[in-house]
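*Asks:* Below is the structure, and that's it, no one-letter string:
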Ligand code: MG
């Protein structure tokens, strides 16, 4: 009797033969050349990875452009992993659906990539800047940031610290050696309080970095509305009339209105209308006004009250306690933070919310009780 063997053909066909068995030598750098070639078809105003430079020159990757490498270095960094446990608005939130600094960062990257691709700009650069922009946030978000700024004689901003992390602290003090374009974009992503388009941006800021500045605001305004609704702090009737009239009432609609407005208002960035213009990333006057109204509303009705609430006050006390404790006991700071002027700040700024609470509890038991009470509820 002949038995049926379903694997027989498979075995026969996968038997190595002389030709298949020979190793193939492929010059993989053809991949990067092809990717760089594709960048040539971007807008004439787009940044190009082969024109970028690093402080310490490196030999190129065979299969990735320089901006792709930067993106990968940021994703593999320790600071990026810690974003998961850092505050966006709600401090050390106990609900699983609240935004954290990590999900905020991913939303910024997604919005920035959409706008960059729509304007035929460099999506990889926009993505790398977006993923790195908030690495330097302290525990407890802007509450922690403000407290460290008051305590440290040289001051503190999260954007400045994001830059310090990628330049000096990551990889045991060697830094990530990112390209200038990515570092410049990270350092210049913050916007002034009064106008989302305001402030002076350096003249050499790439269009991709300008996209990240706005994408950051679009992301946080929209996901913070959702968080405020989720927590019952605000409801849809509280929203300014002009905002609901112009942007609608749904998260996806609001975001879509903002993104499409920027794409059409910044169309000269594509180069399709000629090369005479000096393009920048813009919003229509009407959208700029609407977003500013929304931002003001969120500051007054959500961000400031949250920061002044009992958790905000406890967070400030914790940062103050940690700062004084480690300033007085410098030998207990991990050896990787050895810059005399910055060691205390570098250590505290790197902490996640929970790590800071645990550490403060060890120094002064009971200081974080408001957070323990909330978890028990
Ligand atoms: Mg941000």
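*Replies:* Done, it's in. Since this is a predicted model, take the numbers as computed values, not measurements.
*Asks:* give the contact list for whichever residue of the stretch 201-350 of the chain sits closest to the ion.
*Replies:* Closest contact between the stretch 201-350 of the chain and the ion, by Cβ to the ion, is at residue 216 (4.3 Å). Using the backbone N, CA and C atoms, a C-beta is placed for each residue, glycine as well. Contacts for residue 216 (Cβ atoms under 8 Å, 6 or more residues apart in numbering) come out as 108, 130, 133, 189, 191.
*Asks:* cool, and residue 315?
*Replies:* Residue 315 neighbours (Cβ under 8 Å, 6+ apart): 91, 139-140, 143-144, 147.
*Asks:* could you redo these as JSON lines and give each row secondary structure?
*Replies:* Shown next, in JSON lines, are the contacts of residue 315 (DSSP: H, G, I helix; E, B strand; the rest coil):
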{"residue": "91", "secondary structure": "coil"}
{"residue": "139", "secondary structure": "coil"}
{"residue": "140", "secondary structure": "coil"}
{"residue": "143", "secondary structure": "helix"}
{"residue": "144", "secondary structure": "helix"}
{"residue": "147", "secondary structure": "helix"}
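*Asks:* ok, which pair from the contacts of residue 216 is furthest apart?
*Replies:* Greatest spacing in the contacts of residue 216, by Cβ to Cβ: 130 and 191 (14.6 Å).
*Asks:* residue contacts, residue 196?
*Replies:* 214, 217, 283, 288, 291-292, 295.
*Asks:* and the stretch 251-377 of the chain, which of its residues are near the ion?
*Replies:* Residues of the stretch 251-377 of the chain lying close to the ion (Cβ under 5 Å from the ion): none.
*Asks:* In the stretch 251-377 of the chain, where is pLDDT below threshold?
*Replies:* For the stretch 251-377 of the chain, applying pLDDT under 70 flags the ranges 276, 373-377.
*Asks:* From residue 186, how far off is residue 166?
*Replies:* According to Cβ to Cβ, to the nearest Å, residue 166 stands 7 Å off from residue 186.
*Asks:* Can you check which residues contact both of those two?
*Replies:* 132, 135.
*Asks:* higher neighbour count, the two?
*Replies:* Using other Cβ atoms under 10 Å, the more surrounded residue of residue 166 and residue 186 is residue 186, with 29 against 26.
*Asks:* Can you check my assumption that that one lies in a helix?
*Replies:* Yes. Under three-state DSSP, residue 186 falls within a helix.
*Asks:* got a list of what it touches?
*Replies:* When the contact criterion is Cβ under 8 Å, 6+ apart, the partners of residue 186 are 129, 132-133, 135, 159, 162-163, 166.
*Asks:* Neighbour-wise, which one of those leads?
*Replies:* Ranked by the number of neighbours (other Cβ under 10 Å), the contacts of residue 186 place residue 129 first, at 36 neighbours.
*Asks:* Can you tell me the closest non-neighbouring residue to it?
*Replies:* residue 185 (3.5 Å; Cβ to Cβ, 6 or more residues apart in numbering).
*Asks:* pretty sure that neighbour contacts residue 122?
*Replies:* No. Residue 185 is beyond contact range of residue 122, at 11.0 Å (criterion: Cβ atoms under 8 Å).
*Asks:* residues shared between the contacts of these two?
*Replies:* Taking Cβ under 8 Å, 6+ apart as the criterion, residue 185 and residue 122 both touch 206, 208.
*Asks:* picking that back up, got a winner among the contacts of residue 315 for most neighbours?
*Replies:* Comparing those on neighbour count, residue 139 comes out first with 31 neighbours (neighbours: other Cβ under 10 Å).
*Asks:* and the gap between that one and the ion?
*Replies:* According to Cβ to the ion, to the nearest Å, residue 139 stands 15 Å off from the ion.
*Asks:* what kind of secondary structure is the nearest residue to that residue once chain neighbours are set aside in?
*Replies:* Among residues not flanking residue 139 along the chain, residue 356 sits closest, at 4.1 Å (Cβ to Cβ, 6+ apart). Recorded secondary structure, residue 356: helix (three-state DSSP).
*Asks:* What is the neighbour count of residue 356?
*Replies:* Neighbours of residue 356 (other Cβ under 10 Å): 26.
*Asks:* just the one 4 residues further on next, same as before
*Replies:* The criterion is other Cβ under 10 Å. On that basis, residue 360 has 24 neighbouring residues.
*Asks:* doesn't residue 366 make contact with it?
*Replies:* No. Applying Cβ under 8 Å as the test, residue 360 and residue 366 come out as separate, 9.8 Å apart.
*Asks:* By proximity to the ion, which residue of the stretch 1-150 of the chain wins?
*Replies:* Nearest residue of the stretch 1-150 of the chain to the ion: residue 134, at 4.4 Å (Cβ to the ion).
*Asks:* Just the residues contacting the one helix or strand residue 149 maps to, thanks.
*Replies:* Using DSSP states H and E, residue 149 maps to helix 141-151. If you take Cβ under 8 Å, 6+ apart as the criterion, helix 141-151 is touched by 86-89, 91, 101, 137-138, 140, 155-158, 303, 307, 312, 315-316, 319-320, 323, 345, 348-349, 356.
*Asks:* looking only at pLDDT, what's the mean for that helix?
*Replies:* For helix 141-151, mean pLDDT is 95.
*Asks:* Briefly note if it comes near the ion.
*Replies:* No. Judged by Cβ under 5 Å from the ion, helix 141-151 makes no contact with the ion; its nearest approach is 9.9 Å.
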